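Asker: A structural model of the following input is requested.
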Amino acid sequence: MHQHSTRGVRRLVPASFRWLSLSVLALGAALLAPSAQAAAEPSVEEGPVATLTHLSVEQGAFKVGIRWSDKQPLPSSAKLLSQDGAGTVNDGAEVTPKPGEESFVTLGKAIQKPWETGWNQKLVLQGAKEESLATFPYNVNLDCTDEKNCTLNVSAGAATNSEVMHVSTELDALIAELEASHKETEFDLVEEVGKANPRLLGEALVYVHTLAKLRQLAGPCTCVWQAVYGQSPALIGYGVNVSNANGILSGWNGPGAKHALTAIGGSPTGIGGTFTGISQVTLRLNCTRWVYYYYWDVVIGWPGRPVIVLPIPRPRLVPCISTCAARFDHQGRISGSTFVAYTSPGSSATAREQGAYRVDGTLLMSQVANNGTSFNLVNGTSVWSNIGSTGRVDSYGNVFAAKSFPYFSSASVANGHAISIHGQARCPWGPNGHAAVWTYGTSQGIPQTNLLRSSIQNFFWQWGIFVIP
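Answerer: Down below sits the predicted model:
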């Protein structure tokens, strides 16, 4: 009997086995017992210590789920911190890490008064030595039943410096449609968004509130930096855990282009699966001419709690295009690892990981890893535009494993990515100075996570911009 074991570069090999609970592994033991020991011999990187698995707002409090690795040493203690839009810690809670289990933390002060400190915030999970185990940038938005009554909610976001406002891809697309239909005619943006898509009304109110703060100049065509962030799967992504007579399929897809997936064969029919994902960030110039505006009182609250009345500007504006071009510098990273192991005859395993990085639709990098190979690439470019520029990563991962008793097969994939965009402009009616926007994610473990973070930091430090990914 021959044993095949193939993997990518060590420390970049996926961590999908950590998604299997002890009970699931026990259920598979009858299928795998004759050859499980041989397949367990390879030493592989088991991914991050912790992963955010739940994010919601309940009665004004932030509820966060954290899944702990059962394949790595865990810190003796941990703390989940929330940072407001100014980067100040506004809440925190101690967490006790337990291997293979999920912890839920409630932060009651995390999203209080974002209209004062900023709507773009961040969660940071720290270990006992205050080392960063995970970070999660998010946007606070209003969720409104009508133009006057709202509560708070959250959505995933990219990280930026303070000079950049955030907009979802959905609202950005709707505003583009409204601007195209009105052309040079003034309109009430909040009113029009509410008519076209009431679900986006709350985000439109946050949009004009932020825009009013960043518009320091009033001219014929005033511009500010704007980041548009989109990802699929959205928010925190989703997990897969299937166990049947054909084998075990387990993994986590998202958020965005990040994923990890493992298949363990249980029959000649076998078991397999595919994950795909997209992470995209646009840095653009938001340009408008405000004809006039008035303040509109919005009531924010939850049943049984004191309400807050927030005055929000309601502008009538005219869209415009800046005649001043800005420079947009890009850096992208894509990485992927594959691992296969099987005993023959009667067993087979395949793994394929693919990543692609584009700037404004132009392909800059594309790489494939198969059945034990890996890749880790970086590239970038600079463009000039009076509108904006986009960086995007697409990912694809596929595994399949089949076996005949008493043989064994398994296949795994994992990947990583980072997108960074730097903007610089000196325009008479704005924007002026520098803008920074970035996003990243990896399932390939702590070393790759640290590599992505340092790469982002070094990229922006070229212009003297210090960021903490």
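
Asker: helices along the stretch 151-300 of the chain, start to end?
Answerer: For the stretch 151-300 of the chain, the helices defined by DSSP state H, counting those that start in this stretch cover 169-182, 189-196, 201-214.

Asker: deepest of those, which one?
Answerer: Compared across the helices of the stretch 151-300 of the chain, helix 201-214 shows the largest average neighbour count, a mean of 21 (mean count of other CB atoms under 10 Å). (Each C-beta comes from the backbone N, C-alpha and C, glycine too.)

Asker: CA atoms of that one as CSV?
Answerer: Output in CSV follows, covering the C-alpha atoms of helix 201-214 (Å, rounded to 0.1, in the frame of the first residue of the first chain):
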residue,chain,number,x,y,z
LEU,A,201,-32.9,55.3,4.0
GLY,A,202,-30.9,54.9,7.3
GLU,A,203,-27.6,54.6,5.4
ALA,A,204,-28.5,57.7,3.3
LEU,A,205,-29.0,59.7,6.6
VAL,A,206,-25.5,58.6,7.8
TYR,A,207,-24.1,59.5,4.4
VAL,A,208,-25.2,63.1,4.4
HIS,A,209,-24.3,63.4,8.1
THR,A,210,-20.7,62.4,7.3
LEU,A,211,-20.5,64.4,4.2
ALA,A,212,-21.5,67.6,6.0
LYS,A,213,-18.6,67.1,8.4
LEU,A,214,-16.0,66.4,5.7
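
Asker: got the angle between that helix and helix 169-182?
Answerer: For helix 201-214 against helix 169-182, the angle by axes from the mean of the first three to the mean of the last three CA atoms, to 10 degrees is 80 degrees.

Asker: the inter-axis angle of helix 201-214 versus helix 189-196?
Answerer: Note on geometry: by the same axes, to 10 degrees, helix 201-214 and helix 189-196 are set 160 degrees apart in direction.

Asker: the helices of the stretch 151-300 of the chain: which one's closest to residue 86?
Answerer: Among these, the nearest to residue 86 by CB to CB is helix 201-214 (12.5 Å).

Asker: sorry, back to before: and the helices of the stretch 151-300 of the chain as JSON lines, adding mean pLDDT?
Answerer: Supplementary listing: those in JSON lines, determined by pLDDT from 0 to 100:
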{"stretch": "helix 169-182", "mean pLDDT": "92"}
{"stretch": "helix 189-196", "mean pLDDT": "94"}
{"stretch": "helix 201-214", "mean pLDDT": "92"}
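
Asker: relative to residue 78, which of the ones you listed is closest?
Answerer: With CB to CB as the criterion, residue 78 lies closest to helix 201-214 of the helices of the stretch 151-300 of the chain, at 31.1 Å.

Asker: so what does the closest one touch, helix or strand wise?
Answerer: Where contact means 3 or more CB pairs under 8 Å, 6 or more residues apart in numbering; DSSP states H and E, helix 201-214 is packed against strand 132-144, strand 149-156, strand 164-168, helix 169-182, helix 189-196, strand 222-232, strand 271-300, strand 308-319.

Asker: ok so, going back, could the helices of the stretch 151-300 of the chain go into TSV alongside distance to residue 380?
Answerer: Output for the helices of the stretch 151-300 of the chain, formatted as TSV (distance: least, CB to CB, whole Å):
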stretch	distance to residue 380
helix 169-182	23
helix 189-196	34
helix 201-214	27
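
Asker: need the CA coordinates for stretch 135-155. PDB is fine.
Answerer: Presented in PDB, the C-alpha positions along stretch 135-155 are these (Å, rounded to 0.1, in the frame of the first residue of the first chain):
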ATOM      1  CA  THR A 135      -9.400  42.700  13.900                       C
ATOM      2  CA  PHE A 136     -12.700  43.500  12.300                       C
ATOM      3  CA  PRO A 137     -13.500  47.000  10.900                       C
ATOM      4  CA  TYR A 138     -17.200  47.700  10.700                       C
ATOM      5  CA  ASN A 139     -19.600  50.500   9.700                       C
ATOM      6  CA  VAL A 140     -22.300  51.700  12.100                       C
ATOM      7  CA  ASN A 141     -25.500  52.700  10.200                       C
ATOM      8  CA  LEU A 142     -29.100  53.700  11.000                       C
ATOM      9  CA  ASP A 143     -31.900  51.300  10.500                       C
ATOM     10  CA  CYS A 144     -35.000  53.300   9.900                       C
ATOM     11  CA  THR A 145     -38.700  52.500   9.700                       C
ATOM     12  CA  ASP A 146     -39.300  56.000   8.200                       C
ATOM     13  CA  GLU A 147     -37.400  59.300   7.900                       C
ATOM     14  CA  LYS A 148     -37.800  60.100  11.600                       C
ATOM     15  CA  ASN A 149     -37.500  56.800  13.600                       C
ATOM     16  CA  CYS A 150     -34.300  54.700  13.600                       C
ATOM     17  CA  THR A 151     -32.200  52.200  15.500                       C
ATOM     18  CA  LEU A 152     -28.500  51.400  15.000                       C
ATOM     19  CA  ASN A 153     -27.100  48.400  13.100                       C
ATOM     20  CA  VAL A 154     -23.700  47.400  11.800                       C
ATOM     21  CA  SER A 155     -22.100  46.000   8.600                       C
END
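
Asker: I'm done for today, thanks for sticking with me.
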